[in-house]
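Student: After the sequence you'll find the predicted model.
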Amino acid sequence: MVSTEKSNMFVDVIQAHKGIIYKIVNSYCADTEDRKDLTQEIILQLWKSVDNYIELYKYSTWIYRIALNVAISFYRKQNSRKRISNTFTDNIINISDTNITDETDENIILLQQFISQLKDLDKALMFLYLEEKSYKEIADIIGISETNVATKIGRIKKILKQKFLTNKTK
């Protein structure tokens, strides 16, 4: 592919699917500067892998897969740095500024907190599940079987349900 043609195609694909990148970045970073860094890193990795794109998959699947892998790596690096510098609270979303208007809002905030506490793969699975991706799409993005996706999501739901029940009894 000619370089200009490749660049134009890349920009068009990123423009058409930028919402995916922003959703992932916002799910993995609370800090504005971290979000900017992660966005740049995701776009850079997408550019580096554009020649490896397999037309068998939709662009959205390709973007989700790369963006989630980059976000997980970025999140791990950030958490490692924060542990070293002993600033654990930098990555916690402060909900005290949020006006909770009803029980539904409170439950959404709790769900976000509980999901943020999951392991990296489980967090990615729930992100895609909540994005209403099919098990097949999730399997393609994550790189595991559909059966494994269904099993893991079922287990995660049980964990989240238990956390909600435990929280209600407090």
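Tutor: Great, that's in hand.
Student: list the helices and strands the strand or helix carrying S73 packs on?
Tutor: Assigned by DSSP states H and E, S73 falls within helix 59-85. For helix 59-85, the packing partners by 3 or more C-beta pairs under 8 Å, 6 or more residues apart in numbering; DSSP states H and E come out as helix 3-28, helix 32-48, helix 120-130, helix 135-142. All C-beta spots, glycine's among them, are computed from the backbone N, C-alpha and C.
Student: now Y64: how far from N8?
Tutor: As defined by C-beta to C-beta, to the nearest Å, Y64 lies at a distance of 22 Å from N8.
Student: Looking at the two, which is more packed in?
Tutor: Set Y64 next to N8 and count neighbours by other C-beta atoms under 10 Å: Y64 wins out with 27 against 11.
Student: Using the record's assignment, carve the chain into domains.
Tutor: For the chain, automatic domain parsing gives the domain ranges 1-92, 94-170.
Student: Export the ones you listed as TSV, with columns for mean pLDDT.
Tutor: What follows is those, written out as TSV (pLDDT from 0 to 100):
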stretch	mean pLDDT
domain 1-92	82
domain 94-170	82
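Student: what's near enough to touch I43?
Tutor: I43 sits next to I14, I21 when contact means C-beta atoms under 8 Å, 6 or more residues apart in numbering.
Student: Could you do I144 as well?
Tutor: K152 are the contacts of I144 under C-beta under 8 Å, 6+ apart.
Student: just N26 next, same as before
Tutor: R35.
Student: where's it relative to T151, distance?
Tutor: 28 Å.
Student: And K6, by the same measure?
Tutor: Applying C-beta to C-beta to K6 and T151 gives a distance of 39 Å.
Student: With Q45 instead?
Tutor: In terms of C-beta to C-beta, Q45 sits 29 Å off from T151.
Student: These two: which has the busier surroundings?
Tutor: Q45 (15 against 12).
Student: and the residue nearest to the more buried one when sequence neighbours are not counted, how many neighbours?
Tutor: Nearest residue to Q45, sequence neighbours excluded (C-beta to C-beta, 6 or more residues apart in numbering): V70, at 5.0 Å. Using other C-beta under 10 Å, V70 is surrounded by 22 other residues.
Student: any chance of the helices and strands packed on helix 59-85 in CSV, plus distance to Q112?
Tutor: Listed next are these as CSV, based on distance: least, C-beta to C-beta, whole Å:
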stretch, distance to Q112
helix 3-28, 9
helix 32-48, 16
helix 120-130, 10
helix 135-142, 19
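Student: so which of these comes closest to K77?
Tutor: Among these, the nearest to K77 by C-beta to C-beta is helix 32-48 (10.0 Å).
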